[in-house]
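*Asks:* would you be able to build a 3D model of this:
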Amino acid sequence: MNRRLALVLAVAALWMLAVAGRLAALAVVDHERYLARAASQQQRRIELPPSRGTIFDARGRALAVSVEVESAWADPAEVADPEAVAAALAGALGLDRDKLAAELSGPGRFVWLARRLDPPDAERVRALGLPGVRFQHETKRYYPNRALAAPVLGFVGTDSVGLAGVEQQYDGGITGRAGRQTVLADARRRRAVTPHLAFTAPEPGRDLVLTLDVAIQHVVERELARAVAESGAKGGTAVVLDPWSGAVLAMAAVPGFDPNRFAGYPAERLGNPVVQEVYEPGSTFKMVTASAALAANLIDPHDVIDCELGGIRLGSVLIRDHKRFGYLSFRDVIARSSNVGAIKAGLRVGRDRLHAQAAAFGFGSATGIDLPGEAAGMLHPPEAWRPNSVAYVAFGHEVTVTPLQLANAFAAVANGGTLFRPFVALERRSPDGSAERRGAPEVLGRPLAPTTAREIERLLEAVVADGTGKAAAVPGYTVAGKTGTAQKVVDRRYAPGRYIASFAGFVPARQPALVAAVVIDEPRPPLYHGGQVAAPAFAAMAEPILLYLGVPPDRAEPERWPGEADGVRLALVPSEELAG
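*Replies:* Got it, this is the predicted structure:
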């Protein structure tokens, strides 16, 4: 009996010793491991998305804002019937049913169902009362002006990352910093926040003030769209600059897109052709040829050039003019846009000088504007020029440019010879109220002496006064500019019947308030020249912008002819001719 009792006591002692050892292990040795397991089951870390900074125009009007919306997510462990839940969500939101069902059948505890839902969509999902489906507050980017300035603004993806335009260029500052919050979850997965759990508040992004002006942007987009529609063109671009700083006042492309619904557009519509697409400028490039010739004192505006009645032969190549011009002063060569006259001027200048002048204007190099994806254009090094390259480059072929480069080069003429780096961001504002404003305009170079710039400005005035750019005239203002018409290159060949029409200029000519370039892609003949489709668009943009900016006229309104009313001139015929 005593032996049995001793055995029982021994077994009990060993059992108690084992229990005590296990308890000690749980309390001491494995304490941290089990504590971590308990925390992982009871606690969940939630990312608190920051509010993206607002984008304003130069006068403080909102171009892009962030609004609070809801996103739907699910815990697959709580979804008893993935197929049924997926079918209900697919019907409510138009999602892929099979993909949803697969994700809801997975082993994870968190699946995004739909991010940043519009309020009606969120209410539709909530009304379904689906088990395991929950909502989380996030912010969604909203563009109150819809398609206005979309190529400049860009857009934001599902994960609140800028994917184009200034949204991409300044994403790091606009985005802000996400916060973190740890919450407790009970057996029913209900959440509770307690003060002792970790919490880091999200930091909102910085606001961004642009150089764009909504009013100017609206005028430019309206008139560009009108020009494209009336000419039956494939599309068009326009950019307006402040010639004294390089600030972009407006930048537009047709056709455009609505950044609120960017996913519904083809990829080729989502870029910014003003800075990303290149073309042969044609006769607008004659400004560069004239600059090189005048700067080197190789020609005078009054020098007379034989334009060969419409054609010039260089070796075995015959280059034709658009009209049969005879003898023209160099002023009229530019005003009437004679290719032969420009070629002869280019041949006087020579390869190296012409290349140097083009490069000084910034052609062949990106301007460095604060927008993503800028193209540099093509300006071959002098040693790569072919025997007739000087002739072709002289009237804007064998060289490619962006509309922005063209406008910026004309801005250098307008301001007396200084090439500025163009820019769109004016100021960055922090949530604490501090602001970082752009400093002095950045000078890229000085392609012209002031005296030469003044001579070029007079030549460009003549283009609008009595040359190919008459349709660019603005009542009460002196306009300087140049037309261009270039046959379009498609698959490395000139495409018959397909043209790019352009006009670049500034106004008022003597003290410019704005510089603009208008490029129309594939206007339909018979009206396809720059003077016919791009120059009128320039005038239609410039006049209301000048009035909006309060720029006074720089010349008196010309007297009306007798019988002229409301801009329409009536034909006056002597009475004796009527009698016969």
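*Asks:* quick one, domains of this protein?
*Replies:* 45-76+107-181+193-210, 214-549 (automatic domain parsing).
*Asks:* hey, where'd the helices end up in the stretch 201-350 of the chain?
*Replies:* Under the criterion DSSP state H, counting those that start in this stretch, the stretch 201-350 of the chain contains helices at 214-231, 273-276, 286-295, 330-335, 339-349.
*Asks:* same question, the stretch 51-200 of the chain
*Replies:* Under DSSP H, counting those that start in this stretch, the stretch 51-200 of the chain gives helices at 82-93, 97-104, 119-128, 150-153, 165-169, 171-175.
*Asks:* just say which of those helices is most tucked in.
*Replies:* Among these, helix 150-153 has the highest mean neighbour count (mean count of other C-beta atoms under 10 Å), at a mean of 26. (C-beta placed from N, C-alpha, C; glycine too.)
*Asks:* residues contacting residue 393?
*Replies:* Shown in contact with residue 393 (C-beta atoms under 8 Å, 6 or more residues apart in numbering): 285, 289, 346, 354, 355, 358, 385, 399.
*Asks:* out of those residues, who's nearest residue 74?
*Replies:* residue 399 (57.2 Å; C-beta to C-beta).
*Asks:* the closest one: how many residues sit nearby?
*Replies:* Neighbourhood size, residue 399 [other C-beta atoms under 10 Å]: 23.
*Asks:* could you do residue 426 as well?
*Replies:* Neighbour count for residue 426, taken as other C-beta under 10 Å: 18.
*Asks:* confirm residue 520 sits in a helix?
*Replies:* No - counting by DSSP: H, G, I helix; E, B strand; the rest coil, residue 520 is not found in a helix; it is strand.
*Asks:* just to revisit the earlier point, out of the helices of the stretch 201-350 of the chain, which is the most enclosed?
*Replies:* Comparing those by mean count of other C-beta under 10 Å gives helix 286-295 as most buried, with a mean of 27.
*Asks:* got the contact list for that helix?
*Replies:* 299-301, 330, 334, 337, 342, 345-346, 348-349, 353-354, 356-358, 361, 363, 393-396, 409-410, 413, 447-449, 452, 455-456, 459-460, 482, 504.
*Asks:* list the contacts of residue 279.
*Replies:* By C-beta under 8 Å, 6+ apart, the neighbours of residue 279 are 400, 401, 486, 488, 489, 500, 519, 521.
*Asks:* quick check: the fourth one vs residue 245, distance?
*Replies:* The one in question is residue 488. With distances taken as C-beta to C-beta, to the nearest Å, residue 488 is found 33 Å from residue 245.
*Asks:* so of the domains of the chain, which one's packed in deepest?
*Replies:* It is domain 214-549: most buried of the domains of the chain by mean count of other C-beta under 10 Å, with a mean of 21.
*Asks:* how long is it end to end?
*Replies:* End-to-end distance for domain 214-549, by C-alpha to C-alpha, to the nearest Å: 13 Å.
*Asks:* any idea of the mean pLDDT for that domain?
*Replies:* For domain 214-549, mean pLDDT rounds to 95.
*Asks:* and stretch 171-183, by the same measure?
*Replies:* 75.
*Asks:* for stretch 112-126, same thing?
*Replies:* 77.
*Asks:* run through who's touching it.
*Replies:* 69-74, 89, 92-93, 95, 100, 133, 135, 138-140, 158-159.
*Asks:* longest strand in this structure, by residue count?
*Replies:* With secondary structure taken from DSSP state E, the chain has its longest strand at strand 493-507.
*Asks:* which helices and strands sit right next to that strand?
*Replies:* If contacts are counted by 3 or more C-beta pairs under 8 Å, 6 or more residues apart in numbering; DSSP states H and E, strand 493-507 sits against helix 403-414, strand 480-490, strand 514-521, helix 530-549.
*Asks:* for the helix or strand following the first one, which strands pair with it and how are they oriented?
*Replies:* Sequence-wise, the next helix or strand downstream of helix 403-414 (DSSP states H and E) is strand 419-420. Its sheet considered, strand 419-420 pairs with strand 443-445 (antiparallel) by DSSP bridges.
*Asks:* residue 69 touches residue 136, doesn't it?
*Replies:* No - counting by C-beta atoms under 8 Å, residue 69 does not reach residue 136; the two are 10.1 Å apart.
*Asks:* before we move on, the earlier item: need the helices of the stretch 201-350 of the chain in TSV with distance to residue 437, can you?
*Replies:* Formatted as TSV, these follow (distance: least, C-beta to C-beta, whole Å):
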stretch	distance to residue 437
helix 214-231	20
helix 273-276	23
helix 286-295	33
helix 330-335	40
helix 339-349	42
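*Asks:* quick one: which of those is nearest residue 315?
*Replies:* Of these, nearest to residue 315 by C-beta to C-beta is helix 339-349, at 12.6 Å.
*Asks:* packing partners for that closest one?
*Replies:* Going by 3+ C-beta pairs under 8 Å, 6+ apart, helix 339-349 lies up against helix 286-295, strand 304-306, strand 311-314, strand 317-320, helix 330-335, helix 389-394.
*Asks:* using CSV, write out every CA atom in it.
*Replies:* Extracted in CSV, the C-alpha atoms of helix 339-349 (Å, rounded to 0.1, in the frame of the first residue of the first chain):
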residue,chain,number,x,y,z
ASN,A,339,11.8,78.8,-100.0
VAL,A,340,14.2,79.7,-102.7
GLY,A,341,15.1,83.0,-101.0
ALA,A,342,15.6,81.2,-97.7
ILE,A,343,17.8,78.6,-99.3
LYS,A,344,20.0,81.3,-100.9
ALA,A,345,20.3,83.0,-97.5
GLY,A,346,21.1,79.7,-95.9
LEU,A,347,23.8,79.0,-98.4
ARG,A,348,25.4,82.3,-97.6
VAL,A,349,25.3,81.5,-93.9
